[in-house]
Structure formats: structure tokens, C-alpha cells
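Trainee: give me a model of this one.
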Amino acid sequence: MRAVLHRVSEDIAIYARIERVPVTVAFVLRLLLITPGFQFVLSRRVQELLAEVPLVGRVLRRVHWWLTCLIFSAELALSEKTVATYRGRIAEKMGLSTNVELTRYAMQHGLVD
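Mentor: Numbering: from 1, shown residues only. So this is what the prediction gives:
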């Protein structure tokens, strides 16, 4: 997760250098809430980086198997609730709502084993 925050910080710093302004809370809020396209750039960066996080990446790589959380949790030696929580968080952060969308994303980005 530190890598995600570090990369996001780098992106914000790049925008600040381009606009020749200091990085302040107001600047960051303006980027996140107002600047057209920044949310898209940021969300794509976060999606790419989340796939690199070991557990999140493992969940994404297995989502295409249509495994139930119970089977998947046994395979990872985690509780079923933990797997369901991670699966839900991944979908929410990526703006995806169904397993089909998660599967499509995993296939398009080469995450499927």
C-alpha cells in the first residue's frame, strides 16, 4: 500500500511542478475534485498498483475461476469473510460491480493465470 501512496504522491508532485505551485491540501483537493481527467489518471494508476499487492493480485488472478469465497478462502488459508471483503474492496476501488467485469479486467490486463 505504501507503493500506491508513493506513486500517487509522485503524480501529484508532477502536476504541481507543471502548474508551478506548491503542493498544499487545497491543491490536492482541486486535483482530486475539479481537474478534468486527473481522477481517471489516478484511478488507472491505483488499479495497476493494486494488482501488484500480493493478496489483492492473488484474488484478482483467481476471480475468473468463479470460485466461491469458501473454496477460495480454503485455498488461501484465509477466512471466507476476508476473501469476500477483499473481493468487494477490489471491485469498489476499480468501479466494477460484477464478477464478469472483474474477470474482463483481469483478462485484459494479463492477470489470469
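Trainee: determine the longest helix present in this structure.
Mentor: Determined from DSSP state H, the single longest helix within the chain is helix 2-19.
Trainee: mind listing what's buried along it?
Mentor: By neighbour count on 16 or more other Cβ atoms under 10 Å, the buried set for helix 2-19 is 4, 8, 11-12, 15-16. (Glycine included, C-beta is placed from N, CA and C.)
Trainee: possible to save those as CSV with distance to Ala84?
Mentor: Formatted as CSV, these follow (distance: Cβ to Cβ, whole Å):
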residue, distance to Ala84
Val4, 22
Val8, 27
Asp11, 31
Ile12, 32
Tyr15, 36
Ala16, 39
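Trainee: quick one: which of those is nearest to Arg87?
Mentor: Nearest to Arg87 among these is Val4, at 18.3 Å by Cβ to Cβ.
Trainee: for this protein, what spans make up the helices?
Mentor: With DSSP H as the criterion, the chain has helices at 2-19, 25-33, 38-50, 54-62, 69-76, 80-94, 99-108.
Trainee: ok, back up a step: let me know the closest of the buried residues of helix 2-19 to Ala74.
Mentor: Of all the buried residues of helix 2-19, Ala74 sits closest to Val4, with 28.4 Å by Cβ to Cβ.
Trainee: average pLDDT across stretch 71-80?
Mentor: Over the span of stretch 71-80, the pLDDT mean works out to 71.
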